[in-house]
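Got a sequence here, can you model it:
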Amino acid sequence: MLIPPVGPTDRAQANQFRLSDGQMFKGKVLGMTDDSEGALVEIGGRVVRASVQVPVETGKSYLFQYLDQKPQTVLKVIQPFANSDSQGSSQILNTLIQRFSLPQNSQTVKLLNFFLEKDLPLRGPLLKSVFKMVQEATGALMSIQEADLDVLEFMLRRELPLQAPLYQYLISAKKSQGNAGLLSQLVALLEQAGSRSKLPIQLQSLFETWPDLDDQPSSKWLFDVLNRIGYFQEAKLANPRVKPDELGMTLKTGLLAVVNDKENHEMSDHAEKLLAAITGQQLQSLPADRSLIQWLFTLPVLFNHEFKDVQMLWEGKKNEQGDNETEYYKILFYFDFKVIGETVVRILTQRKMLTVTLFNDTIELEPLIEKYKPQLQERLSALDYTLVSLTQINGEVKQAKQYFKSSEISWDVKI
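Model prediction:
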């Protein structure tokens, strides 16, 4: 099974944080080296051997500055952290504000504490770029919400451009309650518009042929939905062998056209919100490690001719050449059914051997499993797959839902 990338193919490993001359960061001294001429300092989960200019105490955290004095790694101690303060002490925060010429207000303190808590390296140009981006996105008062800090961390760890529109797209995707509601509202507006415009007719045709799970969908229904939404649009455009006129209509291209059509402001507003959510999900699915495939999408899927949101997490590997491996996958779906309640389906694939686990705390699914298991085995066999097991686990839906939350990515310090 060929898995297309979300964006243009990049076979290089993910960019990782590299310390540069003059950069500051929080580090914890784990001990001294055997020759007593240096210290072992923990930075972002990694241990670095470095020379220090003044005596340091094992077990204490310090604000360090990296000095590029090759071939040595030199860490200059700027100030120790107070033992009673897990974040930035007032003295350290004042030091950083003065050194980087930052505005002295509560938002600055919040951002600096965020950098220190997450072990992000501090650089004057980087901090000023972050301040500029947040100010452009939130207005003159430059207000950043606590809930949006993980979006900022995501951008910094993947070294995405610090641009206000990109920041807003990611926030929109995070805050979106799902695509199904926005899509249903857009369909209603398209029906109201009728034949007054060519564009609504094209989009309505797309929706009318949308795969419905109640109509015995094909084995490729998932990729059909993903392609219809336009999640792989940019990857295809980046392929020189694919001509633009071969792409056809997707939800994303249709939404772009609706946004640019100023005749219907209400329809344009709904299209813009849905477009922001889709684009944000695409960006969230760019893995920090380019040797991995990781999709995390909220899909509008048809059940009984009504759009419902289904969360999907798809993880896989790439080989040394950067091509998709077809042997190992982890696939999860989250459904919220009216009758049986919250359900997580976990599919583990290894060499075309499938292990399927259903997480549901509401009802006993064994009768349904026994009823549909032979049919599932038959359909998988036709695709040259083998069902190893199909089981239910009770009482662990809450834990299973944690799979869909973005995990923190550790960063690698190379000095």
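
For the rest of this, base every contact and every neighbour count on C-alpha atoms.
Fine.

Tell me how far the nearest residue to residue 384 once chain neighbours are set aside lies from residue 51.
Spatial nearest neighbour of residue 384, excluding adjacent residues (Cα to Cα, 6 or more residues apart in numbering): residue 352 at 7.3 Å. Look at residue 352 and residue 51: by Cα to Cα, to the nearest Å, they are 52 Å apart.

swap in residue 313?
Using Cα to Cα, residue 313 is found at 44 Å from residue 51.

residue boundaries of the helices in this protein?
90-99, 106-117, 124-138, 149-157, 164-175, 179-193, 198-208, 221-229, 233-237, 251-260, 265-284, 366-382, 397-401 (DSSP state H).

Determine which stretch of the ones you listed is the most buried.
Counting by mean count of other Cα atoms under 10 Å, helix 265-284 has the highest mean neighbour count of the helices of the chain, with a mean of 21.

Next, the angle helix 221-229 makes with that helix.
Counting by axes from the mean of the first three to the mean of the last three Cα atoms, to 10 degrees, helix 265-284 lies at 120 degrees to helix 221-229.

average pLDDT for helix 265-284?
Mean pLDDT, helix 265-284: 80.

what's the answer for stretch 162-179, then?
In the prediction, stretch 162-179 has an average pLDDT of 76.

Also stretch 117-137?
The pLDDT scores in stretch 117-137 average 87.

Surely residue 345 is in contact with residue 358?
Yes: counting by Cα atoms under 8 Å, residue 358 is a contact partner of residue 345 at 4.8 Å.

Those two: which has the busier surroundings?
For the pair residue 345 and residue 358, the greater number of neighbours falls to residue 358 (22 against 18), based on other Cα atoms under 10 Å.

Return the distance of the more buried one relative to residue 343.
Using Cα to Cα, which is the criterion applied here, residue 358 is 7 Å from residue 343.

Check residue 89 too.
Per Cα to Cα, residue 89 is found 45 Å from residue 343.

out of these two, which sits in the busier spot?
Taking neighbours as other Cα under 10 Å, residue 89 and residue 343 compare with residue 343 leading, 20 against 17.

beta partners for that one?
Beta-bridge pairing of residue 343 under DSSP bridges involves residue 335, residue 360.

so what's it up against?
334, 335, 336, 337, 358, 359, 360, 361, 397 (Cα atoms under 8 Å, 6 or more residues apart in numbering).

Confirm for me that the third one is in contact with residue 342.
When you say that, I think you mean residue 336. Yes: judged on Cα under 8 Å, residue 336 makes contact with residue 342 at a distance of 4.3 Å.

Just want to know which of the two has more residues nearby.
Between residue 336 and residue 342, counted using other Cα under 10 Å, the more crowded position is residue 342 (17 against 14).
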